[in-house]
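> Just need the structure, nothing else, for what follows:
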Amino acid sequence: MTAKRNPSRFTTILRALALIFALSAMSYAIYFWNSVKTPILNVLHEGAHGAQTIYIGHVDTADLSDVPRKPVPLSKVSKNMVNAIMAAEDHYFYKHHGIDAVGILRATIDNLKQFRFVEGASTITQQLAKNLYLDPNERSARRKLTQLVLAWKLEDHYSKDQIMEAYLNEIYFGSGAYGVESAAEVYFHKKTQNLSVAESAFLAGIVKAPSVLGDSKNHAQARARQRDVIDNMLEYGYINQGEFIAAEEQTH
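This is a model prediction of the structure:
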């Protein structure tokens with residue numbers, strides 16, 4: 001009977017190096033996770049005097065939003081608007097834990113093809129984390145990793161509705177409109193709770209590039225993006241065929 005060969009010295013060294021690398025990577029991951037402070041989120045409390053911002057969370061942090069907004073609770077936001085935002089930005093928002101693994105893989109492949117780091121696969125939670133806590137002009141792997149950790153921690157400490165509410169009150173819609181209530185007034189002279197499917201799709205479409213699509217000079221581009229969002233709303237089942245036709249008629 002042939003004796004089993006002992007691993008060569010080279011193989012043993014490789015295994016030892018692999019183990020050291022794995023332990024080092026794990027140690028760094030734990031260190032990095034703990035170095036990212038649990039974010040505090042501005043949420044709304046609808047009291048006797050209307051919607052008021054309150055702060056909940058575990059780490060004190062300054063509100064980075066120094067631009068006046070008109071906060072509105074999610075209960076006062078049209079369901080059309082919520083659906084349009086998900087259709088435009090993050091269809092699986094209520095199903096994931098802040099991270100779209102498939103989207104990240106797709107974005108990583110795109111990054112490798114272009115030999116540089118680009119944005120991609122950002123969920124609504126990640127976008128909120130970036131807007132509130134990170135430098136939007138920084139483009140690096142470390143910032144993206146920080147964004148992922150912040151998104152995960154937001155999902156750990158806040159409900160989906162709180163995150164959606166904060167997102168809708170935070171994002172920029174172009175034309176000086178910060179937050180969905182201001183955007184509804186600027187573009188359609190109405191409250192966000194009264195937005196139609198077409199109007200909601202228009203605002204949701206602007207989020208992709210607010211400085212461009214929110215400019216009246218680029219109205220044709222904004223309308224094209226609006227139609228894309230309406231198409232997505234039909235595809236994802238947010239509206240039926242009749243609502244789709246009615247919304248399409250309002251884009252011309």
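> Now do the phi/psi pair for residue 172.
The phi and psi values for residue 172, taken as degrees, to the nearest 10, are phi -100, psi 130.
> wouldn't it be in contact with residue 186 here?
No - contact criterion CB atoms under 8 Å: residue 172 and residue 186 do not qualify, at 11.4 Å. Where you see a C-beta, it was placed from the backbone N, CA and C, and this is true even at glycine.
> Do a quick rundown of the strands in the chain.
Along the chain, counting by DSSP state E, strands occupy 41-47, 50-56.
> For the ones you listed, which has the smallest mean pLDDT value?
Within those, confidence is poorest for strand 50-56, with a mean of 44 (mean pLDDT).
> for the protein, what's the longest helix?
Criterion DSSP state H: the longest helix present in the chain is helix 9-35.
> State the mean pLDDT of that one.
pLDDT averaged over helix 9-35 gives 79.
> Out of the helices and strands in this structure, which is least certain?
strand 50-56 (a mean of 44; mean pLDDT, DSSP states H and E).
> wait, what's in contact with the spatially most central residue of the chain?
For the chain, the residue nearest the mean C-alpha position is residue 124 (2.0 Å; CA atoms, centre = their mean). Counting by CB atoms under 8 Å, 6 or more residues apart in numbering, residue 124 touches 85, 86, 89, 90, 93, 163, 164, 167.
> ranges for the helices of the chain?
9-35, 79-89, 101-114, 124-133, 141-157, 160-170, 180-188, 197-206, 210-213, 219-235, 241-249.
> Give me the buried stretch members for the fifth one, please.
Same thing as helix 141-157. Neighbour counts over helix 141-157 (16 or more other CB atoms under 10 Å) mark 143-144, 146-155, 157 as buried.
> which ones are touching the closest residue to residue 208 other than its chain neighbours?
Distance criterion CB to CB, 6 or more residues apart in numbering; nearest residue to residue 208, sequence neighbours excluded, is residue 225 at 6.6 Å. When contacts are counted by CB under 8 Å, 6+ apart, residue 225 is found next to 205, 206, 208, 213.
> Looks like the second one contacts residue 222 (just checking).
Yes - with contact defined as CB under 8 Å, residue 206 reaches residue 222; the gap is 6.2 Å.
> Which of the two has more residues huddled nearby?
residue 206 (29 against 22; other CB atoms under 10 Å).
> For that one, list the residues it contacts.
Applying CB under 8 Å, 6+ apart, the residues near residue 206 are 173, 174, 183, 213, 214, 222, 225.
> Sketch out the low-pLDDT regions of the stretch 51-200 of the chain for me.
For the stretch 51-200 of the chain, the stretches flagged by pLDDT under 70 are 51-68, 103-104, 107-108, 110-121.
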